[in-house]
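J.: Fold the following and give me the result.
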Amino acid sequence: SNVSAIRAEILQYEDDSGARPIRSVIPLENVLDVTDFNGLPPHSICVIIDDGTPPEADDDAIAQRIFDAKAGGIQTFGSESGTAVDSLGRSYTFNFERPTDIAFTIALDIDTGDGYPGDAALKQSLVEYATSIQQPGTWILWSLYVARALSVPGVTRVDNISINGFVNQDV
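T.: Residues are numbered from 1 along each chain as shown. The predicted structure follows:
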């Protein structure tokens, strides 16, 4: 079974009410004989599951879906765990991860011209954009936020951008 099959299986999870609380699944695998750059042990998988804060999916149900989809003999890795049961009634612990939300701030030095709707509108545009593109495991790319700022009417130039205090002046 490949990581795409594991991802598809977990995304099909429904709770008892029929809701699907899992927003994203990022399966990582290490096929090497040594620990990889993600910190995964040799021949292991780590499934990162975003199901909200606080978590909305049942840990045992997630473990069962990992068990049902993963290849035999591959260990799971992560700080969260649940119990899966095989067809003979034997229990197994499977590990996975949930992402940790990280707040970030963006500061921009901008030039404005006619039609600029004001700083509150610019901030709202950047917040909406961040909400739509920032997913677990993705980089915060300053160039995307510069482009978004330049799409706001009246913003004519972005001179500097700082994300959590790291300044890039080559914008």
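J.: most residues in a single strand of this structure, which one?
T.: strand 155-163 (DSSP state E).
J.: helices and strands around that strand, which ones?
T.: Judged by 3 or more CB pairs under 8 Å, 6 or more residues apart in numbering; DSSP states H and E, the packing partners of strand 155-163 are strand 106-112, helix 142-150, strand 166-168. C-betas here are computed from N, CA, C, even on glycine.
J.: Output the second one in CSV with nothing but the alpha carbons.
T.: I take that to be helix 142-150. Extracted as CSV, the C-alpha positions of helix 142-150 are listed here (Å, rounded to 0.1, in the frame of the first residue of the first chain):
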residue,chain,number,x,y,z
TRP,A,142,6.9,35.9,1.7
SER,A,143,6.6,36.3,-2.1
LEU,A,144,2.9,35.1,-1.9
TYR,A,145,2.1,37.8,0.6
VAL,A,146,3.9,40.5,-1.3
ALA,A,147,1.8,39.5,-4.4
ARG,A,148,-1.4,39.5,-2.3
ALA,A,149,-0.6,42.9,-0.9
LEU,A,150,0.1,44.2,-4.5
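J.: From the chain's centroid, how far away is that helix?
T.: Here helix 142-150 is found 20 Å from its chain centre; the criterion is CA atoms, centre = their mean, to the nearest Å.
J.: OK, contacts around Arg157?
T.: Ile110, Asp111 (CB atoms under 8 Å, 6 or more residues apart in numbering).
J.: what's across from it in the sheet?
T.: Asp111 (DSSP bridges).
J.: per-residue confidence at it?
T.: pLDDT, Arg157: 95.
J.: what's the distance between the nearest residue to Asp36 once chain neighbours are set aside and Gly89?
T.: Using CB to CB, 6 or more residues apart in numbering and skipping residues adjacent in sequence, the residue nearest Asp36 is Asn30, 4.3 Å away. Distance, Asn30 to Gly89, by CB to CB, to the nearest Å: 30 Å.
J.: what angle sits between the longest helix along the chain and strand 155-163?
T.: Criterion DSSP state H: the longest helix present in the chain is helix 119-133. In terms of direction (axes from the mean of the first three to the mean of the last three CA atoms, to 10 degrees), helix 119-133 departs from strand 155-163 by 60 degrees.
J.: Could you name the helices and strands sitting against helix 119-133?
T.: Using 3+ CB pairs under 8 Å, 6+ apart: helix 119-133 touches strand 106-112, helix 142-150.
J.: Out of these, which is closest to Val25?
T.: helix 142-150 (23.0 Å; CB to CB).
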